[in-house]
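Sequence first, predicted coordinates after that:
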Amino acid sequence: MSTLARMDAQALAALHRDLTRDYEALKGRKLSLDMTRGKPAPEQLDLASGMLALPGNRDHLTQSGEDARNYGGLQGLAEVRALFAPVLGAPAAQIVVGNNSSLAMMHDFLVYALLRGVPGGSKPWSKEEEIAILCPVPGYDRHFALAESFGIKLVPVPLTGDGPNMDEVERLVADTKVKAIWCVPQYSNPSGETYSSETVERLARMKTGAGDFRILWDNAYALHHLGDERPHLRNILDACSEAGNPDRPIIFASTSKVTLAGAGLAFLAGSPTNVRWYLDSAGKRTIGPDKLNQLRHVRFLKDLKGIHDHMEKHRSLIAPKFAAVEAAFESRLAPYGFANWTKPDGGYFIILDVMEGTANRVVALAKAAGLALTPAGSTHPYGKDPLDKTLRIAPTYPSLAEVKQAADAVTLCALLAACEKRLA
Ligand code: PLP
């Protein structure tokens with residue numbers, strides 16, 4: 001079999017005929033598959049079902065004897081902060097435990113920054129004429145949508161496999177309008193890459209035009225390994241403190257993909273100054289978080305080993321799904337030589353780069369055949385992928401059998417779209 005690029009018109013036409021026949025057969029199967037979002041599968045949620053009976057009747061006292069049923073405890077229980085300190089890479093005293101969504105804490109951070117300004121700044125961000133946030137691409141659509149919804153300009157920066165292109169970042173942050181950068185530093189959503197130590201050092205050291213610049217360090221996949229490798233991620237708090245910029249990073253994480261996606265715990269961590277600043281505003285918004293859920297998590301996960309053991313169970317459920325997608329891409333796309341895909345060691349996504357100019361067409365073909373894919377472009381600011389080639393594949397939610405069907409369907413749609421493009 002020759003690559004698509006080397007096929008002559010006759011071979012292409014014959015391939016197109018075969019693919020069209022296969023595609024019609026696929027449509028005839030009336031599939032109904034959804035690979036749009038990186039959600040845990042029901043069996044993953046079942047892993048934490050023991051938690052639903054916790055902390056149990058009459059178990060409502062915290063380590064220090066507080067009544068978890070009552071108001072208060074704005075920063076979160078000390079035992080929860082101690083349990084997650086090694087995951088966040090921050091001392092317990094510099095961690096805030098929120099309710100079930102880290103995205104909500106990112107939202108609150110931005111709202112407080114816009115309305116009140118952050119430590120080191122001279123005025124609220126909303127009082128600036130224009131502000132911008134750097135968006136490593138491909139990236140997380142909800143990060144982009146959140147910032148865009150507040151009128152913050154989204155500036156794309158390419159990822160390199162080791163994190164964002166730091167020459168570009170250093171050039172762009174010289175502009176005083178650039179107030180922040182989104183980062184998913186480990187098993188990035190969706191590229192799967194982990195930032196190198198050099199990238200982290202450069203982010204910590206770089207000269208920024210804005211004196212109140214923040215790195216929004218969303219370590220959502222800190223625990224989510226798929227293979228045996230454990231990446232080394234340089235501690236951002238240490239790197240920034242050593243560089244003389246202790247207030248630069250704000251760390252986020254959650255147990256959404258550890259325990260329960262809709263009922264986990266979210267975390268924010270940072271310098272003592274940032275944590276005081278956040279709590280000052282958070283204390284106006286709420287009298288305190290759900291501490292029974294915090295107690296439930298401590299009782300269920302117990303210690304760091306408990307967390308890692310639990311994540312191993314997730315891994316055994318989802319690693320075969322990633323392997324099935326990779327096997328389908330390898331056997332059905334590799335021979336044609338036009339597509340590329342990632343083979344992540346962790347996280348929730350695979351990127352499939354199809355032939356330039358065909359990603360939207362692939363999504364439309366898949367939709368017509370009963371397979372919902374994340375809209376093309378969603379990995380880029382404003383939903384616009386200038387090359388129209390990047391697709392985000394989310395294999396965790398469907399069953400393994402469905403993932404195999406879906407992966408085969410994606411390869412067929414990618415091939416058909418590429419063939420159409422070559423014939424056009
Ligand atoms: N951050 C990243 C990078 C994600 O991929 C996701 C969910 O997919 C979230 C945050 C959402 O986190 P949470 O459930 O804690 O709001």
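Great, that's in hand. Numbers count the residues shown, from 1 in each chain.

What ranges does the stretch 101-250 of the chain have for its helices?
With helices called from DSSP state H, counting those that start in this stretch, the stretch 101-250 of the chain shows them at 102-116, 141-149, 166-172, 197-205, 236-242.

Determine which of the ones you listed approaches residue 415 most closely.
Evaluated over the helices of the stretch 101-250 of the chain, closeness to residue 415 peaks at helix 141-149, with 25.9 Å, by C-beta to C-beta. The way it works is simple: take the backbone N, C-alpha and C, and place the C-beta from them, glycine included.

got the contact list for that closest one?
Under the contact criterion C-beta atoms under 8 Å, 6 or more residues apart in numbering, helix 141-149 has outside partners 103, 106-107, 110, 133, 135, 154, 182, 184, 216, 218, 374, 378-383.

and residue 277, how many neighbours does it have?
Around residue 277 there are 22 other residues, counting by other C-beta atoms under 10 Å.

again with residue 316
Neighbour tally, residue 316, other C-beta under 10 Å: 10.

Can you list the buried residues in the host helix or strand of it?
Here residue 316, judged by DSSP states H and E, is contained in helix 304-332. By 16 or more other C-beta atoms under 10 Å, the buried positions in helix 304-332 come out as 307, 310-311, 314-315, 317-318, 321-322, 324-326, 328-329, 332.

now stretch 40-56
Buried, per 16+ other C-beta under 10 Å, within stretch 40-56: 40, 41, 44, 45, 47, 48, 51, 54, 55.

ok, the closest residue to the second one other than its chain neighbours - contacts?
The shortest distance from residue 41 to any residue other than its chain neighbours is 5.3 Å, reached at residue 397 (C-beta to C-beta, 6 or more residues apart in numbering). Each residue near residue 397 by C-beta under 8 Å, 6+ apart is listed here: 34, 35, 37, 38, 39, 40, 41.

burial of the second one, as a residue count?
Which is residue 35. Applying other C-beta under 10 Å, we find 26 residues neighbouring residue 35.

before we move on, what about the third one?
Counted with other C-beta under 10 Å, the neighbours of residue 37 add up to 13.

Can you give me the pLDDT of whatever residue of the stretch 301-424 of the chain ends up closest to the ligand?
Among residues of the stretch 301-424 of the chain, the one nearest the ligand by C-beta to the nearest ligand atom turns out to be residue 348. It sits 6.5 Å away. Here, the pLDDT recorded for residue 348 equals 97.

what does the stretch 151-300 of the chain put close to the ligand?
184, 189, 218, 220, 254, 256, 266 (C-beta under 6 Å from any ligand atom).

Name the nearest residue to the second one, ignoring sequence neighbours.
Among residues not flanking residue 189 along the chain, residue 140 sits closest, at 4.5 Å (C-beta to C-beta, 6+ apart).

which parts of stretch 52-69 are buried?
54, 55, 62, 68.

what distance separates it from the centre of its chain?
Put simply, stretch 52-69 sits 32 Å off its chain's centre (C-alpha atoms, centre = their mean, to the nearest Å).

How about stretch 169-184?
On C-alpha atoms, centre = their mean, the centre of stretch 169-184 falls 19 Å from that of its chain.

again, but for stretch 155-171
Distance, centroid of stretch 155-171 to centroid of chain: 17 Å (C-alpha atoms, centre = their mean).

And stretch 89-101, by the same measure?
That offset, for stretch 89-101, works out to 18 Å (C-alpha atoms, centre = their mean).

quick check: mean pLDDT across it?
Here the average pLDDT along stretch 89-101 is 97.

what's the span of that stretch, first residue to last?
For stretch 89-101, the separation between the terminal residues is 19 Å (C-alpha to C-alpha, to the nearest Å).

now swap in stretch 69-88 and tell me
So stretch 69-88: terminal residues 26 Å apart, C-alpha to C-alpha.

Repeat that for stretch 27-43.
Distance across stretch 27-43, first residue to last, is 29 Å (C-alpha to C-alpha).

Spatially central residue for the chain, please.
residue 189 (3.6 Å; C-alpha atoms, centre = their mean).

ok, it - contacts?
38, 139, 140, 220, 221, 347, 348, 349.

Out of those residues, which is nearest to residue 159?
Among the contacts of residue 189, and counting by C-beta to C-beta, the member closest to residue 159 is residue 139, at 7.8 Å.

From residue 178, how far out is that closest one?
Using C-beta to C-beta, to the nearest Å, residue 139 is found at 16 Å from residue 178.

Give me the neighbour count for the residue nearest to residue 258 when sequence neighbours are not counted.
Leaving aside its chain neighbours, residue 258 sits nearest to residue 223 (6.1 Å; criterion: C-beta to C-beta, 6+ apart). Burial of residue 223 is recorded as 21 neighbouring residues (other C-beta under 10 Å).

how about residue 223, what does it touch?
87, 258, 307, 308, 311.

before we move on, what SS does the first one have?
So that's residue 87. helix (DSSP: H, G, I helix; E, B strand; the rest coil).

Summarise which helices and strands the helix or strand bottoming out on mean pLDDT in the chain is packed against.
Every helix and strand of the chain was ranked by mean pLDDT, DSSP states H and E. The lowest is strand 33-35, at a mean of 91. Applying 3 or more C-beta pairs under 8 Å, 6 or more residues apart in numbering; DSSP states H and E, one finds that strand 33-35 contacts strand 371-373, helix 400-423.

now the first one, how far from the chain's geometric center?
Using C-alpha atoms, centre = their mean, we find the averaged C-alpha position of strand 371-373 to lie 19 Å away from the chain's own average C-alpha position.

Sketch out the low-pLDDT regions of the protein for me.
1-2 (pLDDT under 70).
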